[in-house]
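S.K.: Take a look and give me a structure for this.
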Amino acid sequence: MNRFLSSIGGKLALSLAGLTLLTIVATIAIVVIFARAGETVNAFTAEQLSVSASSARFAEMGQAIRVDVPKLARATDAASRSRARQTLDALFERLGEPMSVLTRVTPDLQERVDTLVDRLKANIAELDKSVARRTLLSDQLSKAIARVNRLHADFLMEVEPLHADASFNIRSAIERSASDGSPAAVEREVAYGRALGRLDASANLAVGLMLRGASESDRLAIEAVQRGLSGALADASRDAQRLETIESALSLRQIWAEIARYGGRPNDLLDLRLRESGLGQKNDRLAAENNELLDQLGSIVASAVRQSVVRAGDAAGKSQQILDRGRLVAVSFAVLAVGLLVVFGATFIRSRLILRLTKVLSAMRAIAAGDLDQPVRIGGRDEIGQIAHAVRLFRRRSRRLLRQRDELTAANALLVNEMEQRRAAEDDLRRTQAELLHAGQLATLGKLMASLAHELNQPLAAMRSCCHNAARYLQRGEADQAAAKLNDIDRLAERMATTSQHLKNFARKPECDVMACDLDAVIAGALGLFDDRLRAEGVTVERSQPDGPVRVLSEPVRLERVFVNLISNALDAMEHQAAPRLRISVEPAAPFVVVLVADNGCGIADSVRAKLFEPFFTTKTVLDGLGLGLSISYKTVNDFGGRLEVESNESGGASARVELIQA
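M.R.: Residues are numbered from 1 along each chain as shown. Down below sits the predicted model:
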């Protein structure tokens, strides 16, 4: 513990712990103060927002109620009245939410709000009933007006022929009176005509007054029309009674009697209009009362908003006082913290840290510049003293490393010399390997030369014989026979050229680049080098391959040498076989092509299988081979990205499996 307190870390930790504790106390105090202010502001802000939002919603719904109440008052049928009433009921249900918020904020307004809302609902209910009655009266009035119009039309249709009859009867009575000298008939017909005319006029006047009164909206005007209608009905009824003795006027009197019923009770058309007009005025009054009630509710909402604004102002004042105290506390703690930091920086950081670190840094720079004799005169058990001790250790180790560097420089020079010697030895080894590979190729060529010489000697002997015979045929003038012999010579020359081309291709220097080549042509070229030996030894060659060309990634010359080596080894293995058989199969196995070269020879012993691809390993005599064929073939196939394997067959003989990348 004492060691920790004596260190820079311990001293800084104690100092920082004190400052941290002071900061935590200051932070807690400030947080508490500002939390109180925030809670106060938030509470009244929430109240103000809820009051403002409720006031806005009330204004919106109040305006909607003001718009929909006239719709209800002007409804002309049950459907429009029902829609308007449902809309108003929904608005009153939604009105409860903002009003509940306002009354919760201002409880003293609860009773007034409830009273006004109840009165509004009662007013709407009364208006709905009044509109329903007025709608019923309007339907009755419309039906009555339609009936009066139809009766009036019937009346006019009936009265017109009666006027014509009355005129005819008067003329007839005048004519009869002139002949018999009796004026009574004339007077009777004239009285009938006058009564009919007055009835027609009074009926038209009565119907006109009914329709006029039904179109009036002022109560006084309707009552004036009603008084005039009474006189017209009385006059028409007296004239109708004078026509009771006239049978032809029976239908007219019946029509008039039905028209007259709409001028008095119980079917008084104008009375229906008066009652409808009274209900309309009542509806207008209820709508006006509804607007007044909404205005009173609006004044209550405005009062609640004003009270909320006053309380919000008081809350803002309290919050400002709390914030002022918080700022004072924050400034006090900040001044105290700054004072402590100044004292700490002047007494500890400058004297115990900066000055000592400057000395250590100066010594380190001198040592880094190469002055390993620079003294480091800083002590102590704290971290700076430990750094100074580490610098001294670094100085000593640097001196030791300089000595080791000189020793390593000398050793490095020896290693460079040895590497050059080894590089020269590797170059010699590569040249030796190249010479050995060339020797292996020459050995293979040597083995092929005997059979190739025999293969060339036979066509040469045949060509000499053909030349001799052609000369004899020419001497005898047998040109056709001479031409046939010349064709034989050409065919033999082409055979020799093909054989020499195989040998040339096998002996030429291979290309370095890998390309796509025809696998069938490569295998055919390799087999072509062994045509004479295959015939001489009676070897049966079996080939199987897919239809169409098979192309692989390789270099044709080097790949042909691989198959020459494999075929040569197979023929050597079948040298003492009674029925030698060589089988070469090609099988695509994406992404590879597998070539299998199998024989029925002596096979491969287990003891030599692991050494088959080692350079200079062979089971033949020295004159028959150097043991490089399979080694060269293995490396060549690997260079092509493929794989070469040799194993014994269960039925006897050996198989060489070559995997090449399919092009």
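
S.K.: C-alpha from now on. contacts and neighbour counts both.
M.R.: Fine.

S.K.: Tally up the residues packed near residue 525, please.
M.R.: The number of residues packed near residue 525 is 24, by other Cα atoms under 10 Å.

S.K.: List the contacts of the helix or strand harbouring it.
M.R.: Assigning secondary structure by DSSP states H and E places residue 525 in helix 519-528. If you take Cα atoms under 8 Å, 6 or more residues apart in numbering as the criterion, helix 519-528 is touched by 499, 502, 549-552, 556, 559-561, 563-564, 567.

S.K.: Among these, which lie within strands?
M.R.: In strands, judged by DSSP state E, the following of the contacts of helix 519-528 are found: 551-552.

S.K.: Tell me the buried residues within the contacts of helix 519-528.
M.R.: Among the contacts of helix 519-528, those buried by neighbour count (16 or more other Cα atoms under 10 Å) are 499, 502, 550-552, 556, 559-561, 563-564, 567.

S.K.: so can I have TSV of these showing distance to residue 466 and pLDDT?
M.R.: Below are the buried ones among the contacts of helix 519-528 laid out as TSV (distance: Cα to Cα, whole Å; pLDDT from 0 to 100):
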residue	distance to residue 466	pLDDT
499	20	62
502	25	56
550	41	92
551	42	93
552	44	94
556	37	87
559	39	90
560	35	88
561	36	84
563	36	92
564	34	88
567	35	91
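
S.K.: Hmm, residue 541 and residue 583 touching each other?
M.R.: Yes - assessed by Cα atoms under 8 Å, residue 583 is found in contact with residue 541 at 5.8 Å.

S.K.: Those two: which has the busier surroundings?
M.R.: Neighbours per residue, other Cα under 10 Å: of residue 583 and residue 541, the larger number sits with residue 583, 17 against 13.

S.K.: Now do the host helix or strand of that one: which elements does it pack against?
M.R.: Assigned by DSSP H and E, residue 583 belongs to strand 581-589. Judged by 3 or more Cα pairs under 8 Å, 6 or more residues apart in numbering; DSSP states H and E, the packing partners of strand 581-589 are strand 540-544, strand 592-598.

S.K.: Residue 648 and residue 278, how far apart?
M.R.: Going from residue 648 to residue 278 by Cα to Cα, to the nearest Å gives 127 Å.

S.K.: oh, I was asking about residue 188
M.R.: For residue 188 relative to residue 278 (Cα to Cα), the value is 49 Å.

S.K.: Could you check which of those two is surrounded by more residues?
M.R.: residue 278 (17 against 14).

S.K.: Provide a list of residues in contact with that one.
M.R.: Applying Cα under 8 Å, 6+ apart to residue 278 gives the contacts residue 219.

S.K.: next SSE after the host helix or strand of it?
M.R.: Using DSSP H and E, the element containing residue 278 is helix 269-344. As assigned by DSSP H and E, the chain's next helix or strand after helix 269-344 is helix 355-368.

S.K.: Residues touching that following helix, excluding its own?
M.R.: Outside helix 355-368, the residues that reach it (Cα under 8 Å, 6+ apart) are 372-376, 378, 384, 387-388, 391, 395.

S.K.: mind putting the residues you listed in CSV, secondary structure included?
M.R.: Listed next are the contacts of helix 355-368 as CSV, based on DSSP: H, G, I helix; E, B strand; the rest coil:
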residue, secondary structure
372, coil
373, coil
374, coil
375, coil
376, coil
378, coil
384, helix
387, helix
388, helix
391, helix
395, helix
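
S.K.: quick one: which of the residues you listed is nearest to residue 536?
M.R.: Ranked by distance to residue 536 (Cα to Cα), the contacts of helix 355-368 are led by residue 395 at 87.4 Å.

S.K.: which element follows the helix holding residue 525 toward the C-terminus?
M.R.: helix 531-537.

S.K.: what comes up buried for that next one?
M.R.: Buried residues in helix 531-537 (16+ other Cα under 10 Å): 532-534, 537.

S.K.: With stretch 252-269 instead?
M.R.: For stretch 252-269, a neighbour-count test (16+ other Cα under 10 Å) marks 252-253, 255-256, 259-260, 262-264, 267-269 as buried.

S.K.: Now do the end-to-end distance for that stretch.
M.R.: Terminal-residue distance, stretch 252-269 (Cα to Cα): 21 Å.

S.K.: pLDDT of it, averaged?
M.R.: What stretch 252-269 shows for mean pLDDT is 80.

S.K.: Show residues contacting it.
M.R.: Here stretch 252-269 has contacts from 141, 144-145, 148, 151-152, 154-155, 158-159, 203, 207, 210, 214, 229-230, 233, 240, 243-244, 270, using Cα under 8 Å, 6+ apart.

S.K.: Kindly report the same for stretch 215-222.
M.R.: 213-214, 270, 273-274, 277-278.

S.K.: Just the buried positions in it, please.
M.R.: 216-217, 222.

S.K.: Please convert those to CSV, extending it with secondary structure.
M.R.: As requested, those are exported to CSV (three-state DSSP):
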residue, secondary structure
216, coil
217, coil
222, helix
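
S.K.: quick one: buried residues of stretch 591-602?
M.R.: In stretch 591-602, counting by 16+ other Cα under 10 Å, buried: 592-602.

S.K.: Let me know the closest of the buried residues of helix 531-537 to residue 126.
M.R.: residue 534 (127.9 Å).
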